[in-house]
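1. Show me how the following folds:
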Amino acid sequence: MAVEFYDLNEKAKKTILFSLNDEDFEKLQPVLFQFKKLTGLTIDQYGNSRLHAEHVQLIVELLEKTLSDLKPNNHLFELIEKFKNNKCDLLAIGD
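-> Residues are numbered from 1 along each chain as shown. Down below sits the predicted model:
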């Protein structure tokens, strides 16, 4: 796995809410680059990032704007839905 997402408020970090695999991570590079440009935050395969509700909403907006360019597969569509339905702040942990 490239990046795993957890509820930021869960102390033990035992429950993975969803994850990006390597293929999806590569496809999302344009979105992640734009996200970094707008927020200064980096989501990468080797570090940890805290994402608050407004960050998650921005990711959803960026994903929706670039969806046709991403050539999404079913897993990517599911991932977008998980971001949309997320109700908590997230911790992104790179493997």
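2. what comes into contact with stretch 78-95?
-> Identification of contacts with stretch 78-95 by Cβ atoms under 8 Å, 6 or more residues apart in numbering yields 1-9, 13, 17-18, 20, 24, 43-53, 55-56, 59-60, 63-64, 67, 72. Placement of C-beta: from N, CA and C, glycine included.
3. thought residue 70 was touching residue 76?
-> Yes - judged on Cβ atoms under 8 Å, residue 70 makes contact with residue 76 at a distance of 6.6 Å.
4. what sits in contact with each of these two?
-> 27-28.
5. So residue 32 sits against residue 43, correct?
-> Yes - counting by Cβ under 8 Å, residue 43 is a contact partner of residue 32 at 5.5 Å.
6. Neighbour count for those two, which is higher?
-> The neighbour count for residue 32 versus residue 43, taken as other Cβ atoms under 10 Å, is higher for residue 43 (24 against 19).
7. give me every residue that touches the more buried one.
-> 3, 32, 35-36, 49, 51, 92.
8. what do you get for residue 34?
-> Counted by Cβ under 8 Å, 6+ apart, residue 34 has contacts 62, 66.
9. From residue 61, how far off is it?
-> 10 Å (Cβ to Cβ, to the nearest Å).
10. Show me which residues of whichever helix or strand residue 32 is part of are buried.
-> For residue 32, the element it lies in under DSSP states H and E is helix 29-39. Within helix 29-39, the residues that count as buried by 16 or more other Cβ atoms under 10 Å are 31-32, 34-35.
11. now stretch 48-64
-> Quick answer for stretch 48-64 (16+ other Cβ under 10 Å): 49, 51, 55-56, 58-60, 62-63.
12. among the contacts of residue 43, which two are most distant?
-> Maximum pairwise distance in those, criterion Cβ to Cβ, is 13.9 Å, between 3 and 36.
13. I am finished for the moment; much appreciated.
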